[in-house]
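In: Take this sequence and fold it.
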Amino acid sequence: MNVGRISLAILSVALLLTANLHVVYSVSVAGSELPGRYSAAQIQAGESAARAAAEEISRYSGECAGYEKYATVRFSPPDGDALSLALALLENSSGVDVAWRVSVDGEDLGKTTDPTALGEVLESILADRAVHDAVSAEFADTIALRRVFVPEGWEYDLMALSRALRDTTQVISITSDGTVRYS
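Out: Numbers count the residues shown, from 1 in each chain. Below is the predicted model:
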């Protein structure tokens, strides 16, 4: 009788453990471990999406970035998502570069692969347009950057983007006496 109860208890514990244990993977891309844990299906979906996007962007055989995965068994389910994995793989794929789409109040003006140079352009616009006795100056428009992927070696015209920004933005200057001026 005790042997039967012990056997049932062991069987119950074994079933409980197997029902709640998950094989999850840690993934490293270009030497950096991605946050989260992924299931095998999520890894396959992320890799497929990154390969398809790399082929579309680079216009030739897309080479998805290499990655390493390490399996572990945990009680918690996978918490990573295939989209974040696909983006990390795409960012490191051959034939693909990261760029930034620049828009002002929702209107796309162009792309840049150097956000630092864009920051310098925006600072020069503020410096040129702020009134001489301003204590504060800012753009009246909403300037947004959105990360996009472009073919490797893609060239952009920073001067054209600079001209477009100068033509479409306004600067608000506030003087020490509280006067607000638009330029």
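
In: And for the least confident helix or strand in the chain by mean pLDDT, what's in contact with it?
Out: Every helix and strand of the chain was ranked by mean pLDDT, DSSP states H and E. The lowest is helix 2-20, at a mean of 76. Helix 2-20 is contacted by residues residue 75 when judged by Cβ atoms under 8 Å, 6 or more residues apart in numbering. Any C-beta I mention is one placed from the backbone N, CA and C, and that applies to glycine too.

In: Report all helices and strands that the following helix or strand past it contacts.
Out: Downstream of helix 2-20, the next assigned helix or strand under DSSP states H and E is strand 22-29. Where contact means 3 or more Cβ pairs under 8 Å, 6 or more residues apart in numbering; DSSP states H and E, strand 22-29 is packed against helix 40-58, strand 67-74, helix 82-91.

In: Quick check: buried residues in strand 22-29?
Out: Of all the residues in strand 22-29, those buried under the rule 16 or more other Cβ atoms under 10 Å are 24-27, 29.

In: Tell me where the model's unsure across this structure.
Out: 1, 17, 61-62 (pLDDT under 70).

In: at 80 instead, please
Out: When residues are selected by pLDDT under 80, those of the chain lie in 1, 3-4, 7-9, 11-20, 59-65.

In: Quick check, residue 146 in contact with residue 106.
Out: No: the pair residue 146 / residue 106 is not scored as a contact, 11.0 Å apart, by Cβ atoms under 8 Å.

In: what about those two, which has more around it?
Out: When residue 146 and residue 106 are compared for neighbours, residue 146 comes out ahead with 11 against 8, by other Cβ atoms under 10 Å.

In: packing partners for the one helix or strand that one maps to?
Out: Using DSSP H and E, residue 146 maps to strand 143-151. For strand 143-151, the packing partners by 3+ Cβ pairs under 8 Å, 6+ apart come out as helix 40-58, strand 96-104, helix 115-129.
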